[in-house]
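Student: No letters, just coordinates:
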């Protein structure tokens, strides 16, 4: 049974940091791309970053230099390290899976989603 479980969200002040986790089960890690998405209230869901193996790519200019995705294969967990958080980073963050060997920012390729974890950046 495939499953993605996110954790690590919460309330943080502007300028703070959070690390989100995406526990991956039932997927073949070598051919599974994980993407982190976020959806702010009233806005479309956007892909933020993606990873395949240990190769990450950034998909949103707004998070460049602040967000980092990385994988711990032994733990079967992908992490999204978020630094210098801004109020506009507020939203529901979800990880999603796609099949392939190269990371992708193409939202249409992601077919399985976790439930998401809420991130609120506010003073």
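Tutor: Perfect, thanks for sending it. What you see is a predicted model, and the numbers here were worked out from it, not measured in a lab. Numbers count the residues shown, from 1 in each chain.
Student: So residue 1 sits against residue 27, correct?
Tutor: No. Using C-beta atoms under 8 Å, residue 1 is not in contact with residue 27; the gap is 10.4 Å. Just so you know, the C-beta spots here come from the backbone N, C-alpha and C atoms, and that holds for glycine as well.
Student: Who has more neighbours out of the two?
Tutor: residue 27 (17 against 4; other C-beta atoms under 10 Å).
Student: Does that one touch residue 33 like I think?
Tutor: No. Under the criterion of C-beta under 8 Å, residue 27 makes no contact with residue 33, lying 9.8 Å away.
Student: Determine the residues that are contacts of both of those two.
Tutor: residue 97 (C-beta atoms under 8 Å, 6 or more residues apart in numbering).
Student: Enumerate every residue touching residue 63.
Tutor: Counting by C-beta under 8 Å, 6+ apart, residue 63 touches 48, 49, 82, 89.
Student: go with 7 Å
Tutor: residue 48 (C-beta atoms under 7 Å, 6 or more residues apart in numbering).
Student: which residues in this protein form helices?
Tutor: Taking DSSP state H, the chain contains no helices at all.
Student: Any idea how far apart the tips of stretch 17-30 sit?
Tutor: Start-to-end span of stretch 17-30 (C-alpha to C-alpha, to the nearest Å) is 29 Å.
Student: what's the answer for stretch 61-80, then?
Tutor: 16 Å.
Student: Buried residues in that stretch, which are they?
Tutor: Within stretch 61-80, the residues that count as buried by 16 or more other C-beta atoms under 10 Å are 63, 66, 67, 68, 69, 71, 77, 78, 79, 80.
Student: Residue 111: which of those is nearest?
Tutor: residue 78 (16.4 Å; C-beta to C-beta).
Student: Surely that closest one is in contact with residue 71?
Tutor: Yes. If you go by C-beta atoms under 7 Å, residue 78 and residue 71 touch, sitting 5.0 Å apart.
Student: Now for these two: what residues contact both?
Tutor: With C-beta under 7 Å, 6+ apart, residue 78 and residue 71 have common neighbours residue 51.
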